[in-house]
Structures are given as structure tokens and as C-alpha cells.
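Asks: Take this sequence and fold it.
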Amino acid sequence: MGRIIAIANQKGGVGKTTTTVNLAAALGVLEKKVLLIDADPQANATSGLGLDVESIEIGTYQVLEHTATPRETVLETNSPNVDLIPAHIDLVAIEIELVDKQQREYMLKTALQSVKDDYDFILIDCAPSLGLITLNSLVAADSVIIPIQCEYFALEGLGKLLNTIKSVQKIHNQDLAIEGLLLTMFDPRLRLSNQVVEEVRKHFSSMVFDTIVHRNIRLSEAPSYGESIISYDATSKGAVNYLNLANEILNKKA
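Replies: Numbers count the residues shown, from 1 in each chain. Coordinates of the predicted model:
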């Protein structure tokens with residue numbers, strides 16, 4: 001049975017989509033079958049894997065609405081062993097449309113039951129908000145990865161996210177675990193970056209991944225070519241970081 005991992009943080013620009021796309025690619029290269037669900041109306045994971053967002057007709061929106069099954073929306077990507085349920089800007093409307101639905105927090109969880117056995121991992125790229133789409137993702141997930149950028153406001157809002165996770169655990173999904181906090185955009189030359197790492201490790205110790213994702217120009221370039229860092233430049237620091245993260249998750253699971 002596949003393990004469902006949400007990648008979430010209500011702050012934007014912390015590396016959620018970068019992490020989702022490249023972790024999926026890294027797990028795929030390590031011969032794990034992966035489904036990536038783009039649950040962000042910005043659809044950056046969809047375009048980052050080389051798909052034309054404008055041509056998307058069905059995807060996460062229809063899965064959440066239950067007007068299409070996950071299998072009907074799955075697309076192959078150019079990353080080995082990685083499939084995608086794509087997003088489109090229309091996804092932004094789902095927050096309003098689900099409000100009156102019964103069991104609205106469980107729409108994604110219910111839909112994914114039909115494909116959970118088809119994959120080793122299902123990764124959900126969450127929107128930078130704590131709205132209904134993100135709530136659906138956390139209710140459906142077995143665990144959550146929280147990317148934290150190594151910058152000044154790193155811990156801002158983290159308490160709110162952890163409180164949301166506690167609330168989800170208490171009311172909707174008591175089995176939801178924190179897979180780990182992932183430090184991203186690390187620049188070893190900057191005192192601030194090193195201070196953030198020290199601070200996060202001091203406060204959260206065992207919850208923090210050993211792997212740290214370094215600031216890397218190749219990581220920034222890859223999405224513009226519709227490729228993961230693994231296929232764009234497998235020897236880059238970013239590729240090594242995400243392969244290390246994938247191995248850390250696999251070893252932890254074992």
C-alpha cells in the first residue's frame with residue numbers, strides 16, 4: 001500500500017513545489033512508483049514536470065469534486081516511474097464549491113483509496129495556505145513534510161501550521177505523522193543560514209531531516225525546462241540533496 005505524504009507550509013517560496021517534484025523524481029530513480037498530486041492552483045508542479053497547464057482538461061479539481069476518478073486524471077511524466085494528477089488555475093474555485101458538501105474534508109482521502117495500492121508513494125504538493133485544499137491533503141496523508149527556508153522569517157507561521165496539524169490529528173486523521181522538517185535554500189557562506197539551522201535543530205531536534213537542501217542555481221533553472229533536477233543535472237548539488245532525502249525517507253520507512 002502506498003504511503004501518502006503531503007508537502008505543506010502556508011508560507012510561499014519555501015521550496016514546497018521544488019521539494020515535491022524533485023523528491024518524486026529521486027524516488028522514481030530509486031525504482032519506487034510515485035504519484036504526484038498537484039494540489040496548488042498555481043500548478044507549478046504540473047508545469048515543472050513539462051506539461052502545458054493550459055491544455056489540462058481534468059485533474060485535481062475533478063478528483064476533489066468526485067466528478068472523475070484519480071485513474072481518469074493520471075498523466076505520465078518525463079520522469080521515470082513518476083505519474084501526475086495535474087492542476088489548473090480553475091482549482092482555486094474548489095474552496096468555494098466544497099464548502100456546502102458533506103464530509104468536505106475527506107474528498108481527497110476517499111478518492112485516493114482506489115489508487116493507493118498502485119504506488120509506493122503518493123506526494124501531494126499543497127498550496128501556500130491553510131485552506132480547504134490543504135486540509136483535504138492533510139486528512140488524506142499518512143505524514144507531512146514541512147519545508148523551512150534558511151532565512152530570517154523561517155519560523156514565522158510554523159507554530160500556526162503545527163497547530164493546524166494537531167487539529168487535523170485530533171478531529172480528522174489521528175494517524176497523521178510529521179515525516180520531518182526539511183531545511184531548504186541553505187547557503188553555508190551566510191551566518192544567518194547557519195543560525196537558522198542551529199535554531200531549528202535546537203527546537204525540533206529529531207523532527208528535522210539530516211538532509212539539508214542547499215541554494216543551487218540548477219534547482220532554479222530546471223523547472224523552466226520542464227524537468228526535475230535529477231534529469232536536468234544529476235551531478236548538481238540539488239540532485240544530490242534530493243537523492244539523499246529520498247534515501248533518508250526510505251531508510252526511515254524501513
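
Asks: Going by C-alpha atoms from here, please, whenever you check contacts or count neighbours.
Replies: Will do.

Asks: how about the helices of the stretch 51-200 of the chain, start to end?
Replies: Using DSSP state H, counting those that start in this stretch, the helices of the stretch 51-200 of the chain run over residues 60-65, 70-73, 94-97, 107-112, 132-140, 158-171, 191-204.

Asks: Does V14 touch F186 like I think?
Replies: No. Judged on Cα atoms under 8 Å, V14 makes no contact with F186 at a distance of 11.0 Å.

Asks: Name the residues contacting each of these two.
Replies: Q149 (Cα atoms under 8 Å, 6 or more residues apart in numbering).

Asks: picking up where we left off before, mean pLDDT added to the helices of the stretch 51-200 of the chain, as a markdown table?
Replies: Shown next, in a markdown table, are those (pLDDT from 0 to 100):
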| stretch | mean pLDDT |
| --- | --- |
| helix 60-65 | 95 |
| helix 70-73 | 96 |
| helix 94-97 | 87 |
| helix 107-112 | 97 |
| helix 132-140 | 95 |
| helix 158-171 | 91 |
| helix 191-204 | 91 |
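
Asks: ranking those by burial, who's on top?
Replies: Highest mean neighbour count among the helices of the stretch 51-200 of the chain (mean count of other Cα atoms under 10 Å): helix 132-140, with a mean of 25.

Asks: Give me the contacts around that one.
Replies: Against helix 132-140 from outside (Cα under 8 Å, 6+ apart): 4, 6, 8, 39, 94-95, 98, 104-110, 112, 124, 126-127, 144, 165, 168, 172-173, 176.

Asks: got the helices of the stretch 51-200 of the chain as JSON lines, with distance to N44 columns?
Replies: Shown next, in JSON lines, are those (distance: least, Cα to Cα, whole Å):
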{"stretch": "helix 60-65", "distance to N44": "13"}
{"stretch": "helix 70-73", "distance to N44": "17"}
{"stretch": "helix 94-97", "distance to N44": "18"}
{"stretch": "helix 107-112", "distance to N44": "20"}
{"stretch": "helix 132-140", "distance to N44": "16"}
{"stretch": "helix 158-171", "distance to N44": "22"}
{"stretch": "helix 191-204", "distance to N44": "26"}
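
Asks: Out of these, which gets nearest to P86?
Replies: helix 60-65 (6.1 Å; Cα to Cα).

Asks: which secondary structure elements does the closest one contact?
Replies: Contact here means 3 or more Cα pairs under 8 Å, 6 or more residues apart in numbering; DSSP states H and E; on that basis helix 60-65 packs against strand 34-39, helix 70-73, helix 94-97, helix 107-112.

Asks: Nearest to V240, out of the ones you listed?
Replies: Nearest to V240, of the helices and strands packed on helix 60-65 and by Cα to Cα, is strand 34-39 at 18.9 Å.
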